[in-house]
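> Pasting the sequence and the predicted model now:
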Amino acid sequence: MGSRVRWQQLQPGLTKGNRTRIFASHTYEDRSTMEPTKDDLDWWKRQLSLSPEKRRFQVKLYLALEQSRVDGFDDAISWMPHGRAFKINDKEKFLTRVIGPYLNMKPVHPSFVRQLCFYSFIRLTNASGRESSGAYCNEYFLRGRPALLRRMTRVRTKGTGVRPAWNFNEEPDLLSMPRCGNF
């Protein structure tokens, strides 16, 4: 059996293809004290009045996470204790029990991850602590603050042929921030 390779922080310079190495930006601003506007609250009410198929992706995901404890699939997907990120705990259960019924998506993990990227979620690594490794966060995706989801914008990306290198030094330390929502 081979040993598991541990990721190391890449250094500035040139890539193997002789291009200047660029790094992913992991800026995270604490939005937990931000008060939602009337427009944010109205948007949330409108989203809840829509049929599940017509809701925005971030709303479906938020509602699935809120429902996970009630419906007993928090072993598949759950909020992190700080309420600023979520984690897929069991990929197979997530694909069979959550992605179709709650997110109205085909049970294909790469499609889900692509949607997360479109909405600027970042995937946390061991740099954020072992517990947070593999979790996804977005500064507007906070437990107990659904009206802030309106501030999340879907970014259309055109392939540049360049994948930014991960920047462990800029990864947010979510465990040091106050908890969000009731848990």
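Yep, it's here. Numbering: from 1, shown residues only.
> What's the separation between the residue nearest to the spatial centre of the chain and residue 116?
Compute the mean C-alpha point of the chain, and by CA atoms, centre = their mean the closest residue is residue 136, 3.3 Å away. Distance, residue 136 to residue 116, by CB to CB, to the nearest Å: 6 Å. No exception for glycine: its C-beta is placed from N, CA and C like everyone else's.
> what touches both of those two?
Here residue 136 and residue 116 have residue 123 as joint contacts, going by CB atoms under 8 Å, 6 or more residues apart in numbering.
> contacts for the worst-scoring helix or strand of the chain on mean pLDDT?
Every helix and strand in the chain was compared by mean pLDDT, DSSP states H and E; the lowest is strand 122-123, with a mean of 85. If you take CB under 8 Å, 6+ apart as the criterion, strand 122-123 is touched by 24, 26, 28, 116, 134-138, 171.
> can you give me phi and psi for the residue nearest to the centre of the chain?
Backbone torsions of residue 136, given as degrees, to the nearest 10, read phi -120, psi 140.
> There's contact between it and residue 119 in this structure, I believe.
No - if you go by CB atoms under 8 Å, residue 136 and residue 119 don't touch, sitting 9.6 Å apart.
> which residues are common contacts for the two?
Counting by CB under 8 Å, 6+ apart, nothing touches both residue 136 and residue 119.
> in the chain, which spans are helices?
Applying DSSP state H to the chain gives helices spanning 38-49, 57-71, 91-93, 109-118.
> Comparing the ones you listed, which stretch has the densest surroundings?
Ranked by mean neighbour count, the helices of the chain are led by helix 57-71 with a mean of 18 (mean count of other CB atoms under 10 Å).
> That one to helix 109-118, inter-axis angle?
120 degrees (axes from the mean of the first three to the mean of the last three CA atoms, to 10 degrees).
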